[in-house]
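Peer 1: predicted model and sequence below, questions to follow.
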Amino acid sequence: MTVREIAKHAGVAASTVSLVLNNKPGVRKETREKILALLLENGYTIRENAGKPLTHGEIKFIRYLAINHSRERNEDFFVGLLNGAEQRTHQLGYKFSLSSATPEQLPGLLQALETQSDLLGVVFLASELSDEQMPHLLAFSRPIVTLDMPLLLEHYPLNGINTDNSGGVFRALEHLYAQGHRSIGFLRAETEIGGLYSRYVAYRSRMQAFGLKVPEEHILRIDPRYEVAVGQMQAYLQDKPSLPTAFLAANDIIAAGCVRALQQAGYQVPGDVSIMGFDDGAMSTFVSPPLTTMRINRARSGELAVERLVALHTIPNDVVVKSTLAVSLIERESTQPVSLENAADPV
C-alpha cells in the first residue's frame, strides 16, 4: 500500500502518515499506533532517531480583540481553547506563549513573529476578526491555524479548526421537534462573534428542513452579556407578547439571561416555555433549571490546532485543511415535551 492508501485506510491525511513514518510528533497516541501497524504490515521502515520532540521551538497563541471586545461574551470559550492548546504544546515538547492583539497591534505583532527564528507557528483565535484584518493574516509567511473563524470569513484559504454549528443547530432542533415543539423561536446574538451568526443562519435553514415556519416575531436580538441579556428580555416581556413553546439560543449566556428574565416575569421554565442553549459552558449548569445545550469540545479544538501547526512545520507546502468538530446534545431540565395539540401549526 502507498502512503496515500494507508492514509485513506486509517481515515487520516497523508501528512499524518508522513509524521508517523518519520517518527515525528504531532499525532495522537491511538492514531499513531494504528498508522504504525499499517506501515509495518506493508514493509515500511520507521526512522529511529527522528521521534524526539525539539528541545526548542515555540507556538504562539494570539487572541484577536475587536474594538468592541467584551470578555464576558466568550471568555469561557477562549479559556477552553487556550487550555487545550497549551497542554498539547507542552506534551509535544515545545514552548507556548500567549499574546492578545487589537486591530492597531496586529500588524506589528505579526511582523515581529516573522523574524522569530524558533517560531513553529501561530494559533489564532479569530472569533472577533473582520474582513479588514484578513490581508495581514494572508501575508503572514509562517504556519498559522485559526480557531472559530466567523462564517463570512470562512472562504479565505487558511488552515482552521471550527465548530459544526450547522450540525449542532440541526441536532438541537431535532431534539425540540422530538419533544413535540412546533413553534420554536431563536434568541439571536446582538453581537455575532465567532460562530454565533452561523448558528442563526443554520436555524433559518434547518427550520425549513423540519417543515416549520420561521416565526419572525419570535426571533429576538439579545446581547451575549448576562446582565444585558436579562434586561433586554425583561423589556421584551413587558408587553406580554405571545411566546413560542421553545426558544433556541445562540449561546448559553443568552439562554441563561432569558431564563432569569422569564422567571422574574412569572413564567415557568420549562413549564411555559422551554429554553435551549449552545456551547455547554459554565453558565449552563449555574442557571436554574440547568440548561439543555449543545456541547463543544473546546480543549480538543485547541489541541487539534497545535497538531495541525506541527504538521505544517513538517510539511510547509501542504494543502489547506479546514477541520470541523461535531457537537453533542446535553439534555438537562430547561426543556420538556409538549403535547402536539398545544404545538403550533408547522406550516
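Peer 2: On my side now, so go ahead.

Peer 1: buried residues, the single longest helix found in the chain. List them.
Peer 2: If you go by DSSP state H, the chain has its longest helix at helix 71-91. Residues of helix 71-91 classed as buried by neighbour count (16 or more other Cβ atoms under 10 Å): 73-74, 76-78, 80-82, 84-86, 88-89. In short, each C-beta sits where N, CA and C put it, glycine included.

Peer 1: residues making contact with stretch 228-235?
Peer 2: By Cβ atoms under 8 Å, 6 or more residues apart in numbering, the list of residues contacting stretch 228-235 from outside reads 190, 220-223, 253-254, 256-258, 260-262, 264-265.

Peer 1: now the buried members of the residues you listed.
Peer 2: So, by 16+ other Cβ under 10 Å, the buried ones in those are Glu190, Leu220, Ile222, Asp223, Ile253, Ile254, Ala256, Gly257, Cys258, Arg260, Ala261, Leu262.

Peer 1: got a list of what the second one touches?
Peer 2: In this case it means Leu220. Leu220 sits next to Gly185, Phe186, Leu187, Arg188, Gln232, Met233, Tyr236 when contact means Cβ under 8 Å, 6+ apart.

Peer 1: which strands or helices does the longest helix of the chain pack on?
Peer 2: When contacts are defined as 3 or more Cβ pairs under 8 Å, 6 or more residues apart in numbering; DSSP states H and E, helix 71-91 packs onto strand 58-64, strand 95-101, strand 119-125, helix 298-314.

Peer 1: contacting residues for the residue nearest to the spatial centre of the chain?
Peer 2: Residue closest to the average C-alpha location in the chain (Cα atoms, centre = their mean): Thr163, at 3.6 Å. Going by Cβ under 8 Å, 6+ apart, Thr163 touches Asp148, Gly195, Ile296, Ser301, Thr324, Leu325, Val327.

Peer 1: my read: the fifth one touches Ser166, true?
Peer 2: No - if you go by Cβ atoms under 8 Å, Thr324 and Ser166 don't touch, sitting 9.0 Å apart.

Peer 1: neighbour count: these two, which is higher?
Peer 2: Of the pair Thr324 and Ser166, Ser166 is the one with more neighbours under other Cβ atoms under 10 Å, namely 18 against 13.

Peer 1: how close does that one get to Ser18?
Peer 2: 31 Å (Cβ to Cβ, to the nearest Å).

Peer 1: and what of Val122?
Peer 2: Val122 is 22 Å from Ser18, where distance means Cβ to Cβ.

Peer 1: where does the stretch 1-150 of the chain have low pLDDT?
Peer 2: 43, 45-55, 70-74 (pLDDT under 70).

Peer 1: surely Asn42 meets Met1?
Peer 2: Yes - Asn42 is in contact with Met1 according to Cβ under 8 Å; the separation is 4.7 Å.

Peer 1: next up, the contacts around Gly160.
Peer 2: Ala126, Val145, Thr146, Leu147, Met149, Glu154, Lys322, Ser323.

Peer 1: give the full set of residues in contact with the first one.
Peer 2: It stands for Ala126. Tyr64, Thr146, Leu147, Asp148, Met149, Pro150, Leu153, Gly160, Gly194.

Peer 1: at 7 Å instead, please
Peer 2: Neighbour list for Ala126: Tyr64, Thr146, Leu147, Asp148, Met149, Pro150 [criterion: Cβ atoms under 7 Å, 6 or more residues apart in numbering].

Peer 1: from the chain's centroid, how far away is stretch 140-153?
Peer 2: In terms of Cα atoms, centre = their mean, to the nearest Å, the centre of stretch 140-153 is found 13 Å from the chain centre.

Peer 1: returning to what we had before: so what's the residue nearest to the centre of the chain bridging to?
Peer 2: In this entry, Thr163 is beta-bridged to Leu325, by DSSP bridges.

Peer 1: from Val12, how far off is it?
Peer 2: Separation of Thr163 from Val12 (Cβ to Cβ): 21 Å.

Peer 1: returning to what we had before: which one of the buried ones among the contacts of stretch 228-235 is nearest to Lys34?
Peer 2: Closest approach to Lys34 among the buried ones among the contacts of stretch 228-235 (Cβ to Cβ): Ile253, at 39.3 Å.

Peer 1: need phi/psi at the closest one.
Peer 2: Backbone torsions of Ile253, given as degrees, to the nearest 10, read phi -60, psi -50.

Peer 1: was I right to think it contacts Tyr226?
Peer 2: Yes - in terms of Cβ atoms under 7 Å, Ile253 counts as a neighbour of Tyr226; the distance is 5.4 Å.

Peer 1: next, count neighbours for Val123.
Peer 2: For Val123, the neighbour count with other Cβ under 10 Å is 31.

Peer 1: residue contacts, it?
Peer 2: The neighbours of Val123, taking Cβ under 7 Å, 6+ apart as the test, are Ile59, Phe61, Ala85, Val145, Leu147, Ala305, Val306, Leu309.

Peer 1: and those residues, which is closest to Val338?
Peer 2: Using Cβ to Cβ, the contacts of Val123 come closest to Val338 at Leu147, 37.4 Å.

Peer 1: quickly list what that closest one is bridged to.
Peer 2: Beta-bridge pairing of Leu147 under DSSP bridges involves Leu125, Ile161.
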